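K.L.:
Next input, structure requested:
(chains A and B)
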Amino acid sequence: MGTGGVGIVRMSGTKAMDIANKIFVPVSDNGNGPDRGYKIRYGKARDPEDGQIIDEVLLTVMRAPKTYTREDVVEINCHAGPVVLKKILMTLVALGARLADPGEFTLRAFLNGRIDLAQAEAVMTLVSAKTEAALRSAVQQLSGEFSEKIGKIKSDLIHILSEVEAAIDFPEEDLDLIKPDVLIKKLMDLIEEVGRLIESAKQGKILIEGIATAIVGKANVGKSSLLNRLLMEDRAIVTPFPGTTRDVIEAMLNIHGILLRIQDTAGIRESGNLIEQEGIKRSRESIQKADLVLMVMDGSKEPDDEDVRIARMLTDKDTVLILNKMDLVDKKEQKCNNLSIIDIIRPKIILNTSILYDLGVNELKTGIAELFFQGKRGHDESPVVTNVRHVSALNSAEEALQRVLQGAGQGLSEEFLSVDLRGALAALGQITGETTTDDILNEIFSGFCVGK
Amino acid sequence: MFHVEHGAGPMAINGNEQFEVIVVGGGHAGCEAALASARMGCATLLVTQNPDHIAQMSCNPAIGGLAKGHMVREIDALGGEMARAIDDTGIQFRMLNTRKGPAVQAPRAQADKKKYRERMRSALEMQANLAIHQGDVKRLLIENHEVAGVETLAGSLYLSGAVILTTGTFLKGLIHVGMTSFPGGRAGEPPAVELADDLLSLGFEIRRLKTGTPPRLHAETIDFDTLVPLEGDPVPPPFSFSTRAITRPQVPCYITYTNEKTHEIIRKGLDRSPLYSGKIKGIGPRYCPSIEDKVVRFPGKGRHQIFLEPEGLDTMEIYANGISTSLPLDVQTGFVRTISGLENALIMKPGYAVEYDFVLPTQLLPTLETKKIRGLFHAGQINGTSGYEEAAAQGLLAGINAVQHLRGKEPVVLKRSEAYIGVLIDDLVTRGTEEPYRMFTSRAEHRLLLRHDNADLRLCEKGYGLGLVSTDEHERFLMKKDLIHKEMARMQKKTIVPSPDVNEVLGRLGSAPIQGRTSIFQLAKRPELNYENLSVLDTGRGPLPKEVCSICETEAKYEGFIQREKDQVMRYDEMEGIRIPEEIEYGQIQSLSREVQEKLNRVRPLSIGQAARISGITPAAISILLIYLKNKRCRIG
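P.N.:
Numbering: from 1, shown residues only, chains lettered A, B, ... in the order given. Predicted coordinates:
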């Protein structure tokens, strides 16, 4: 359900046709009920309860098994207003349909053998990708780069484990086993590699969920102009979520493939009519939740106490400092007393803008994009973890490896190191499939001349 | 020699002898199977080619070692014979891995082969309900997919409700020495050809394996003075929980090494190696490669270790452990004499390789009964394993389950978290094997739980319940268990209050001072402290048997790890608990790839846990299976 021009309600299952029949009234009766496969028909949606017409609709009928779910599927295209959509949904539910769980269509497709699990997971990621960068990451994950990386870590682990296991199972053999300091070095390398992947998950989260961003600043410095300028250019989606104490607006901005999620913009929409205390309070709240803060100041004026107070809240945040209204500044008398503010915030980027005249906005966007890709992630470098399940598996692998490292440091005997090495392998196994004893034995027999 | 008890003796039907259980083969699997069945009260027949070779150690003169020693202790706890037999006839006992934790320590012993044979045969002969007949079984009698007895080459028919096949390397055995090969199950003994054909005609899937032995040398031609002796432990550790002490005199083994000269002769002889000329088709064990294999596969290794092990106290035969080979005799003699201490060695028996048939063990239920023919059980090398201990363990369980089958009682299946024997059988019936299967501790997920020192705690109750453990043994076990419980509770309750004196004692033991009240149990966790050196602080403790103290110490030291393993076991058990209905049709689960469907169909696992262990079954496939089962239940319910 979106806010575009057309809304689509989709039903899947054995009763989909029956229910559709009850709500759909064909306009030009051509004699065929809505049960011929793959036909789009024009008509009206009517509530059978009171006979009231809800909307003009297009009805698409797709017969099992040649559908996404392998079940009968009916799609009702209607006008996209939330009221209409909601009314159609409620009517269908009253007629015996059930609201789908998140991802249920894909689940059904999977259960009915239409797609395999890997495809299902890929679809879920692709669907939830909101920007190109997220899409790229999902595709990259599908293409197996991530699996390859995990595979590499696993084979290193299996190698270490084979040394440990050989020491246990072949005490009488004349084997040249790994030295404790080499073992510790290898463990530290592995922990670092796993750590890097976990770190990349933060990037992954940003790609999928967007960067929580706060725009702060005093009244009348150009916050709302900035937001509007960004919204206008990127056709952002603004979704109202009613039901909380007051309406919270969440705006999604796509900046060079990076998703900015600007929350609590209600605070930004106000102009000068809020008292100062309230402004600061709101700023504080949005700053707390933010990964990125855009602080807007009036660059044509001296910073005042309020600017300083806001700045003090930003000392541990990634901040972009925007000195706005530069069109009002006489080029000859550049202000340099912003230094005090810069000292407090230590911003990642400082920009001079004139949002009114659209000066510096492109630089702002490029700056933000670079900030989040810089260093940590070149566009096609190492894979980025985006799946929550994968992150938790990596976390438990890292914990297990830390315990191995600690144990090895204390000189614990091999059977104890093995417990956590296996634990780490099992955790990684959740991502790419189980490691069997055979894998470990294979490694032992290929590496050591075992056997009396 | 046949005792009739409880009216369970053989009866003649149409002139054919009737038994309840027939065991074919008198090796290590056959012995345990026959003893278990007879001890549980079934009229049992053991048919063997040659009763003089009962319990023959065809390969090395040793029992135990890592994982294998664990299994021998488990066999003992369940009421099997192997542990007591080796305790009575061993000539060198050692505990391995004493520098590591108790979970991966295991006993190993050199056996006097002849005495071991005699000791085991006498146990069989003295056993009530057990008859031994000489005979070559040529075919199984089958009625309606159910076994009814066996027929021998001599034409005798023996009838029974259950048959246990323990054929070792005899099914179409083919012996290789150099480019010469001849039929034989063991050097000097004929193979079982008809029986192998019979199994094939019954529709069993059969493959071929290979194993080998080294040359046996004459002790008088070895210069032991130049070699490093390897002595047994000062106090020989027994295998059986019932053995109080080992009294037989102990002898050393000797260690020597191959060298570059040895390897050169071996390389030159490779053109006459049946292994490298492609003559041997069967797959050999990677953990026990021939010396030619070691030289070829590890060219960088300048020397390979050899243990010279006596075959007995009253024989000159020395087993050269480490140079198993099927090279021609002249090459064997040549390379042996390049080895330090063996310059003048005479070969008494040449090394050889033997190829033999085995029946794919995935055709078995976890009881070791074949899926195809009711009442037919397989144990030992016929299932693709190698090793006396692996064979004995399967024999014991096959014997138990044959009896349970006849009596309509619950089968005995040991869990992977309960015994190495459980791991062994589950691996065989679930994953099968492509090389001779040997047990390793690394095959067990729950190694810290499956210790040699707690085998009785894990299994004795079961053995007693089956009637395999005597009341006396059981009483002794209960007393030990009680002592352990009381001592653990005492160690947890007894606390030490910090004081300068206490902390000084700790300091002397290399341990950090304590800050507050600390229990003995907590203190025993510290790596530098143990039950023994804690006695200074732990005053007023009563005298306890050593095995009780060591278990208490182990439980304290490894509490955290053991708990983590127990948590895992619970998760495993959950998966084991999800049964897969017998009638499931994998072909109908479209989300499973054809390959996965075939794998599942081949094994037809009984539970989700077992399914997950089949090789090539991914976690994704398991989740599909789980969803399918859940959906199915919903639809039915």
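
K.L.:
Is there any residue in the strand or helix carrying A:Ile158 that contacts chain B?
P.N.:
Counting by DSSP states H and E, the element that carries A:Ile158 is helix A:145-169. Yes. Helix A:145-169 lies within reach of chain B by C-beta under 8 Å from any C-beta of the partner chain, at A:165, A:168-169. (C-beta placed from N, C-alpha, C; glycine too.)

K.L.:
could you say what helices and strands the helix or strand following that helix packs with?
P.N.:
Per DSSP H and E, the first helix or strand lying C-terminal to helix A:145-169 is helix A:180-209. If you count contacts as 3 or more C-beta pairs under 8 Å, 6 or more residues apart in numbering or on different chains; DSSP states H and E, helix A:180-209 packs onto helix A:132-142, helix A:145-169, strand A:258-262, helix A:388-410.

K.L.:
Check which helices and strands the helix holding A:Ile158 sits against.
P.N.:
helix A:180-209, helix A:414-432, helix A:437-447.

K.L.:
for the ones you listed, which one ends up most surrounded?
P.N.:
helix A:414-432 (a mean of 23; mean count of other C-beta atoms under 10 Å in any protein chain shown).

K.L.:
Now do it: which elements does it pack against?
P.N.:
Judged by 3+ C-beta pairs under 8 Å, 6+ apart, helix A:414-432 is in contact with helix A:145-169, helix A:388-410, helix B:559-577.

K.L.:
Name the residues of the helix holding A:Ile158 that are buried.
P.N.:
Under the neighbour-count criterion of 16 or more other C-beta atoms under 10 Å in any protein chain shown, helix A:145-169 has A:145-147, A:149-150, A:153-154, A:157-169 buried.

K.L.:
repeat for stretch B:548-567
P.N.:
Neighbour-count burial for stretch B:548-567 [16+ other C-beta under 10 Å]: B:548-558, B:561-562, B:564-565.

K.L.:
Number of residues surrounding residue 401?
P.N.:
Since no chain was named, I'll use chain A. 26 (other C-beta atoms under 10 Å in any protein chain shown).

K.L.:
Correction: the question concerned chain B.
P.N.:
By other C-beta under 10 Å, 28 other residues sit near B:Asn401.

K.L.:
With adjacent residues omitted, what lies nearest to it?
P.N.:
Once flanking residues are discounted, B:Asn401 sits nearest to B:Thr367: 4.0 Å by C-beta to C-beta, 6 or more residues apart in numbering or on different chains.

K.L.:
The one you found against B:His405, yeah?
P.N.:
Yes. Counting by C-beta atoms under 8 Å, B:Thr367 does reach B:His405; the two are 7.2 Å apart.

K.L.:
what's the overlap in contacts for the two?
P.N.:
B:Pro411 (C-beta atoms under 8 Å, 6 or more residues apart in numbering or on different chains).

K.L.:
give the contact list for the closest residue to B:Ala512 other than its chain neighbours.
P.N.:
Leaving aside its sequence neighbours, B:Ala512 sits nearest to B:Leu506 (C-beta to C-beta, 6+ apart; 6.9 Å). By C-beta under 8 Å, 6+ apart, B:Leu506 lies in contact with B:512-514, B:537.

K.L.:
Would you mind giving those as JSON lines with neighbour count added?
P.N.:
Conversion of those to JSON lines gives the following (neighbours: other C-beta atoms under 10 Å in any protein chain shown):
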{"residue": "B:Ala512", "neighbour count": "10"}
{"residue": "B:Pro513", "neighbour count": "13"}
{"residue": "B:Ile514", "neighbour count": "18"}
{"residue": "B:Leu537", "neighbour count": "18"}
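
K.L.:
Kindly reformat those as a markdown table and extend each row with secondary structure and distance to A:Glu56.
P.N.:
Formatted as a markdown table, the contacts of B:Leu506 follow (DSSP: H, G, I helix; E, B strand; the rest coil; distance: C-beta to C-beta, whole Å):
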| residue | secondary structure | distance to A:Glu56 |
| --- | --- | --- |
| B:Ala512 | coil | 82 |
| B:Pro513 | coil | 85 |
| B:Ile514 | coil | 82 |
| B:Leu537 | coil | 89 |
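
K.L.:
Tell me where the stretch 501-637 of chain B has helices.
P.N.:
Under the criterion DSSP state H, counting those that start in this stretch, the stretch 501-637 of chain B contains helices at B:520-524, B:546-557, B:559-577, B:594-603, B:608-613, B:619-636.

K.L.:
Turn the ones you listed into TSV, including distance to chain A.
P.N.:
Output for the helices of the stretch 501-637 of chain B, formatted as TSV (distance: least, C-beta to the nearest C-beta, whole Å):
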stretch	distance to chain A
helix B:520-524	16
helix B:546-557	10
helix B:559-577	6
helix B:594-603	10
helix B:608-613	8
helix B:619-636	4
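
K.L.:
Of these, which is nearest B:Gly322?
P.N.:
Between B:Gly322 and the helices of the stretch 501-637 of chain B, the shortest separation by C-beta to C-beta is 32.4 Å, and it involves helix B:546-557.

K.L.:
Just give me how far that closest one sits from the chain centre.
P.N.:
Remark: helix B:546-557 is offset 25 Å from the chain centroid, using C-alpha atoms, centre = their mean, to the nearest Å.

K.L.:
Equivalent analysis for stretch B:94-102, please.
P.N.:
19 Å.

K.L.:
Contacts for it, please.
P.N.:
Here stretch B:94-102 has contacts from A:168, A:171-172, A:413-416, B:65-66, B:69, B:104-109, B:232-233, B:236-237, B:448, B:451-453, B:550, B:554, B:557-558, using C-beta under 8 Å, 6+ apart.

K.L.:
Single out the residue in chain B that lies closest to chain A.
P.N.:
B:Gln590 (2.7 Å; C-beta to the nearest C-beta).

K.L.:
All the helices of the stretch 1-150 of chain A, residue numbers only.
P.N.:
Along the stretch 1-150 of chain A, the segments classed as helices by DSSP H, counting those that start in this stretch run A:16-23, A:82-94, A:104-111, A:117-128, A:132-142, A:145-169.
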